[in-house]
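> sequence and predicted structure below; questions after.
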Number of protein chains: 2
Amino acid sequence: MTAPEVFTLPAIAAFHAAGGSPVAVAEAALARIEAWADPALFLARVPPEAVRARAAALAAEGPRGRALYGVPFVVKDNIDVAGLPTTAACPAFAYSPAEDAPAVARLLAAGAVLLGKTNLDQFATGLNGTRSPHGTPRNPVAPGCIPGGSSSGSATAVAAGIAGFSLGTDTAGSGRVPAMANNIVGLKPSLGLVPTQGVVPACRSLDCVSVFALTVEDAATVLGVIAGPSPEDRYARPAPAGWQARPAPQPAWRLAASLPEHLVFDSPEDAALYEAALARAALGGSVTRVDLAPFLAIARRLYDGAWVAERTAALRGMVEDRPEALHPVTRGILAAGLEKRTIEAWEDFHAAAEARRLARALFAAADILVLPTAPGLPDLATLTAEPVAANSRLGTYTNFVNICDLSALAVPAGFRANGRPAGVTLVGPAFAEARLAGLGAMLHAAAGVALGASTAPVPPPPGPPPLAPDELPLLAIG
Amino acid sequence: MTAPEVFTLPAIAAFHAAGGSPVAVAEAALARIEAWADPALFLARVPPEAVRARAAALAAEGPRGRALYGVPFVVKDNIDVAGLPTTAACPAFAYSPAEDAPAVARLLAAGAVLLGKTNLDQFATGLNGTRSPHGTPRNPVAPGCIPGGSSSGSATAVAAGIAGFSLGTDTAGSGRVPAMANNIVGLKPSLGLVPTQGVVPACRSLDCVSVFALTVEDAATVLGVIAGPSPEDRYARPAPAGWQARPAPQPAWRLAASLPEHLVFDSPEDAALYEAALARAALGGSVTRVDLAPFLAIARRLYDGAWVAERTAALRGMVEDRPEALHPVTRGILAAGLEKRTIEAWEDFHAAAEARRLARALFAAADILVLPTAPGLPDLATLTAEPVAANSRLGTYTNFVNICDLSALAVPAGFRANGRPAGVTLVGPAFAEARLAGLGAMLHAAAGVALGASTAPVPPPPGPPPLAPDELPLLAIG
């Protein structure tokens, strides 16, 4: 039997159910790595013979009900995997972790097959994918464009069909912008939902482990595997009961969108793709235009204020003692954090508290905020010309989300005529992942796109289950 | 009819129910102010004729079901009352607020009668009551001893029988240490439960409005009046449903106490009073000794690290431009905040996150942590000799509570032979006020003390209501 052409979870599960072996899937993944031949994709690979041995062991065991049985995946190289170095794309920083990060351990326990560790903007500082001493991963969807970052390799590996899903991280948009750039799905969970133990800190108080997948359903399934507190994780938070229960498609979502005057785009086409997605979303509800200005303002503090010093604090030894070992752009950003004063940091924190208050008010009146994922997708030359300004622009709609304690789901929204993908991001309060997935699956299916770089169609969103008269309209995911 | 000798809420309510007038209660309060004659107690008084007019207006209206009908109270002078200046015990800082703080507005709406604004350690920075340019309020229970701070006047006014209750604030223990010093009850609510709008910030992210009262029941009633989010308050948090429902007295509270090696006391008598209170508490459950070291460690960061800069940030104009207008001890503390660096602040914040994690683990295994309120009550001469060291010692068991997002209730625990009162503080997770009140009322009644400076006995704790077989063991308070 031949492994599935496209590595969605249902396709791989169906292959195995029909008697296919995880070894065949693993061989296909290894062959695709060779065929894709991007020297900037992996920072460390699991040796092919070890991948084969893992798949063979799984085949011998059988599925045993495991959600990710035989699914190939990759992990951003700022997340620990025992047996592989963690470098965060800074060779001088490398260390050899003794243990898997909890998210990785849970994926392996669910039967997934690790292929390797992927490239990133050094120390997860950047949204574009070019800030790595190992080169820039190739964008399989829009050649010549950035792959997005910082989770560059994790996104391109999924879009290129190598991995069924991947782990990224997201502090300011690193799990969302690359999803847009690669025409895939990026799920940025609530703060504290997935343990961040074993993750190289960027802003430790804001970091999230994120998921890239070809479909919304697959991303939700992976989140269901990796979510849940780890007793040792100081930033873990218990999720409210029922957080995974997906509401049935609403007859009338209360949607929010930005006032037009706060929306910026790279091109009229990008604007039109966003408005078209919003119009499709609005078929399921009403849209209220809200004032995004306070959120855009708090976003600016992420790189000007207290939180850049949080990055510096996490890497103080590197910044103070070995600055020459840092990527020049990263070095400039981190060095600025050394001089920040705490009395000014408190202005940032009190402003963040006010932004969270405004976000609570927004989500008391709305279910989902629908935004562009980014103003547009720049090409590589633009990032070379303006490495900081073009990067900042990419974070316009993503930077405020973690500071405001929100959840987010980036889904494809179509292509410009020049082949550059666009995306929309659905934003909700903390622990609203299931709600976002409900609308996200619908928007993805309606976007007129294929999956990643493939030609496979987006599956239809799951319909509401037939309800008994006394049954609650809830559907478990994950 | 003569006003009640002791201003508990039930005594005042009974007086009114028997036909007594709020005017008689107000006259008694005014007479007690004159008799107590402490020039350091009030920083601003409501003119006696205005107090009488307010009481007369209430008398004309009748109770209308108001919980605090005709009850005299005082407010710490870092909380806004329209019509009176807010000074925080710094004349140069004075301003005239246009509105009552929400907590004050709610008390007035509940029928309480304001007598004035009370003295405090300047800018609520201190736990002893001597850091005020207006002198130190007299301790009515232990002459020659400090009144405790920073809510010095609010505590002495209740102990002296002038006010039925009072508002304080609590960032590091300012709502608990003065309760111990004055043989009364101090309730430090959960962060965000009572709005802090209209409160002069100390550490804005940690500040709480607190309640002093003669009994646990009275403190719980007042909290019920002032609790609840204010839409404009960025640090407000919604309380979980049922937070006011008091559990029936438990057959087996799971109590925690410190390992003996982390307990420090001023005298063997202070230690014996604590152990006796703990033994009484243990009659209702089991006691596990826990490691308090991580909590004592995070407490030290409150005045050495990021949070002192939070105080400075809130008063930056005073510290940078008019330092001579500050109390010398306060000036020294606040000036240290100017130089703090944000990269070091993040070490404090990550340590705080770890302390909160440890607190969650503690309260997963225990219902209530029973601690001394302070190592002991020093006299005024000790504070004069060691204004910073003796103050720090007072915060041993209180400083960590707000950083760890906990609730606390300070109750009297008896007297040393030399007449100095001791106290125990019950600590619980956020929104555990009702649970703390359940044990607190029992401990107070068993402590062998009178109410404040009076000779009136502590009322017995409310018994469990007779339960129908299918009824939940819950009793509403407040």
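Ah, there it is.
> from now on I want contacts and neighbour counts done on CA atoms only, so please keep to that.
Fine.
> stretch A:454-464: how far from the chain's middle?
With CA atoms, centre = their mean, to the nearest Å as the basis, stretch A:454-464 stands 20 Å off its chain's centre.
> give me the neighbour count for A:Ala55.
By other CA atoms under 10 Å in any protein chain shown, 27 other residues sit near A:Ala55.
> buried sites along the helix or strand hosting it?
In this structure, A:Ala55 sits in helix A:48-61 according to DSSP states H and E. Residues of helix A:48-61 classed as buried by neighbour count (16 or more other CA atoms under 10 Å in any protein chain shown): A:Pro48, A:Val51, A:Arg52, A:Arg54, A:Ala55, A:Ala56, A:Leu58, A:Ala59.
> okay, the angle between the following helix or strand past it and helix A:48-61?
Using DSSP H and E, the next helix or strand after helix A:48-61 towards the C-terminus is strand A:72-76. If you take axes from the mean of the first three to the mean of the last three CA atoms, to 10 degrees, strand A:72-76 sits at 130 degrees to helix A:48-61.
> show me which residues of strand A:72-76 are buried.
Applying 16+ other CA under 10 Å to strand A:72-76 flags A:Pro72, A:Phe73, A:Val74, A:Val75, A:Lys76 as buried.
> same question for stretch A:268-284.
Buried residues in stretch A:268-284 (16+ other CA under 10 Å): A:Glu269, A:Asp270, A:Ala271, A:Leu273, A:Tyr274, A:Glu275, A:Ala277, A:Leu278, A:Ala281, A:Ala282, A:Gly284.
> among these, which ones are in helices?
A:Glu269, A:Asp270, A:Ala271, A:Leu273, A:Tyr274, A:Glu275, A:Ala277, A:Leu278, A:Ala281, A:Ala282 (DSSP state H).
> nearest residue to the first one other than its sequence neighbours?
Spatial nearest neighbour of A:Glu269, excluding adjacent residues (CA to CA, 6 or more residues apart in numbering or on different chains): A:Arg416 at 6.1 Å.
> how many other residues sit next to the one you found?
Counted with other CA under 10 Å, A:Arg416 comes out at 17.
> swap in the one 5 residues further on?
Using other CA under 10 Å, A:Pro421 is surrounded by 25 other residues.
> which residues touch it?
A:Pro421 is in contact with A:Val141, A:Ala142, A:Met180, A:Ala181, A:Asn182, A:Asn183, A:Leu377, A:Pro412, A:Ala413, A:Gly414, A:Phe415, counting by CA atoms under 8 Å, 6 or more residues apart in numbering or on different chains.
> distance of it relative to A:Phe295?
According to CA to CA, to the nearest Å, A:Pro421 stands 25 Å off from A:Phe295.
> what do you get for A:Ala437?
Applying CA to CA, the value for A:Ala437 to A:Phe295 is 23 Å.
> so between the two, which is more surrounded?
Taking other CA under 10 Å, A:Ala437 and A:Phe295 do not tie; A:Ala437 has more neighbours (26 against 23).
> for chain A, what lies in contact range of chain B?
A:205, A:233-235, A:306, A:309-310, A:312-313, A:337-347, A:350, A:353-354, A:356-357 (CA under 8 Å from any CA of the partner chain).
> can you select the buried ones from those residues in ChimeraX?
Here is the ChimeraX command that selects the buried residues among these (16+ other CA under 10 Å):
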select /A:205,233,234,235,306,309,310,312,313,337,338,340,341,342,343,344,345,346,347,350,353,354,356,357
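> ok, back up a step: from the buried residues of helix A:48-61, which is closest to A:Phe431?
A:Leu58 (32.8 Å; CA to CA).
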